[in-house]
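The sequence and its predicted three-dimensional model are supplied below.
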Amino acid sequence: MTQLLRLSLALLALAGTPAAVAAGPDMMDAGPPGPPAFVKPLFTPQVVMAPHAEIGPRRAHVDAIKQAMNETQRDLVDLQWKLDAATEALDKLLEPDHADEQAVLAKLDEVTTIERQVKRVNFTLLVRIKNQLDPEQQAKLRAVRPPGHGPGGPPPPPPD
């Protein structure tokens, strides 16, 4: 799995909540409190394919998951190019001592729209993986994942 896909999955799992955004900059700097509850029933490709999981995915399941991962990776590469360009443009708008507020906010809308698309692509992958697993396989995966954690296990440690 590529770095971009891992990063995107992490962004999805650790998406900030509207409450954190509404609380202001100090709350946003603290980082998100963890994965939102709605991602907890989902499983990342790493968890499904891990040898310790022993869920016994059938060949058709593995092939479908690989296809979904390939489609996701393709979509994410395209979105990453768009996001990089939009972010660079936003940076340029913010460089002058006096920034054009309307232009900055319009570009911010573009950046956040692309970020939303990244989350949606990643979430789609997680739903497709879940739909490839029968209830018994899902139960086995939940048993190997610590309770209260998102689709890929415990959240990463806070940044330094």
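Nice, I can see it.

What ranges does the chain have for its helices?
Remark: helices assigned in the chain by DSSP state H are 3-13, 18-23, 25-29, 45-49, 59-94, 101-132, 135-144.

what mean pLDDT would you report for the fifth one?
Taken as a whole, helix 59-94 carries a mean pLDDT of 95.

if we can go back for a sec, could you export the helices of the chain as a markdown table, including mean neighbour count and distance to residue 36?
Heads up, the C-betas are built off the backbone N, CA and C, glycines and all. Output for those, formatted as a markdown table (neighbours: other CB atoms under 10 Å; distance: least, CB to CB, whole Å):
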| stretch | mean neighbour count | distance to residue 36 |
| --- | --- | --- |
| helix 3-13 | 18 | 8 |
| helix 18-23 | 11 | 10 |
| helix 25-29 | 10 | 16 |
| helix 45-49 | 18 | 18 |
| helix 59-94 | 14 | 19 |
| helix 101-132 | 16 | 11 |
| helix 135-144 | 14 | 17 |
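
Looking at the ones you listed, which is nearest to residue 39?
helix 3-13 (5.8 Å; CB to CB).

Could you list the low-confidence segments of this structure?
1-33, 51-53, 57, 146-160 (pLDDT under 70).

Show residues contacting stretch 100-111.
83, 86, 87, 89, 90, 93, 94 (CB atoms under 8 Å, 6 or more residues apart in numbering).

hmm, try it at 10 Å
With CB atoms under 10 Å, 6 or more residues apart in numbering as the test, stretch 100-111 has contacts from 82, 83, 85, 86, 87, 89, 90, 91, 92, 93, 94, 99.
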